[in-house]
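Chemist: sharing a model that was predicted from the sequence below.
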Amino acid sequence: MDPPRRTIHCEDALAWLAARPRLEGCSIITSLPDASELPALGGPEAWERWFEDAAALVLSRCPDEGVAIFFQSDVKRGGRWVDKGRLVQRAAEREGVPLLFHQIVCRVPPGSVTRGRAGYSHLLGFSRGARFDLRHATADVLPEAGETTWTRGMGARACRAACSFVLRHTATRTVVDPFCGHGTVLAVANAMGLDAVGVEIARKRARRARSLVLGAGRI
């Protein structure tokens, strides 16, 4: 049997998605950039509009049989709370894609005080056609995200939880991450036997995403 494949496209994620129809045979696992990563947008209100539109585009490219999973951390900015889970769910309502699950992933031990970012992340899954098989129910709160390769990255254990959902609840066997960064989602997907496709605009991160390998002990 051939090993799982990995393909990296070094280009803008939204342009890549917009140029394609639904990604048949695929599920999507991704984490959309924070406002701090997109200063050119000009402010939090513009970023929120961008974020919701980007999430809607991701959802629109997920086929009926696949699942779109988002890993997002709320932030505290300028004395206000930015709820990224709410923004993703607003985009899903626009696209008419039902919510299958909403897990909380602890970034720090419960009871810890954080400043700029919340002490947890949202792990949200959406699908038009897939359904949550309760025979494979999992915890609603994950005690840790797992190892990360950079501060913005999705933890390896959260990636494993997302890929496990793809394997158990869908017939899709390719994972797409249009904002793949260093490629943790892709490396975990490959380690679990899934093909992977990533999109990353930064050449240095794209090179890392092509070569990142996580052993079984790290996921």
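Modeler: Okay, I see it.

Chemist: neighbouring contacts of the least confident helix or strand in the chain by mean pLDDT?
Modeler: Ranking every helix and strand in the chain by mean pLDDT, DSSP states H and E puts strand 75-77 at the bottom, with a mean of 89. Contact with strand 75-77 is made by 34-35, 44, 81-82, 84, 115-118, as judged by Cβ atoms under 8 Å, 6 or more residues apart in numbering. To be clear about C-beta, it is placed using only N, CA and C from the backbone, and glycine gets the same treatment.

Chemist: what about 10 Å?
Modeler: Defining contact as Cβ atoms under 10 Å, 6 or more residues apart in numbering, one finds that strand 75-77 is touched by 34-36, 44, 47, 81-84, 114-118.

Chemist: next: stretch 45-57.
Modeler: Outside stretch 45-57, the residues within contact range by Cβ under 10 Å, 6+ apart are 13-14, 17-18, 30, 32-42, 44, 68, 70, 72, 77, 82, 84, 86-95, 97, 124, 126, 178-179.

Chemist: buried ones among the contacts of strand 75-77?
Modeler: Buried members of these, counted by 16 or more other Cβ atoms under 10 Å: 34-35, 47, 82, 84, 117-118.

Chemist: show me those residues that map onto helices.
Modeler: Residues of the buried ones among the contacts of strand 75-77 located in helices (DSSP state H): 47, 84.

Chemist: from the buried ones among the contacts of strand 75-77, which single one is nearest residue 184?
Modeler: Minimum distance to residue 184 across the buried ones among the contacts of strand 75-77 is 16.6 Å, recorded for residue 34 (Cβ to Cβ).

Chemist: which of the buried ones among the contacts of strand 75-77 sit farthest apart?
Modeler: The span of these, defined through Cβ to Cβ, is set by 47 and 118 at 16.9 Å.

Chemist: quick one: residue 140 from residue 47, how far?
Modeler: From residue 140 over to residue 47 the distance is 29 Å, taken as Cβ to Cβ, to the nearest Å.

Chemist: over to residue 169?
Modeler: Separation of residue 169 from residue 47 (Cβ to Cβ): 32 Å.

Chemist: quick check: phi and psi on the residue nearest the centre of the chain?
Modeler: Nearest to the mean C-alpha position of the chain, counting by Cα atoms, centre = their mean, stands residue 30 at 2.1 Å. Dihedral pair for residue 30: phi -160, psi 170, per degrees, to the nearest 10.
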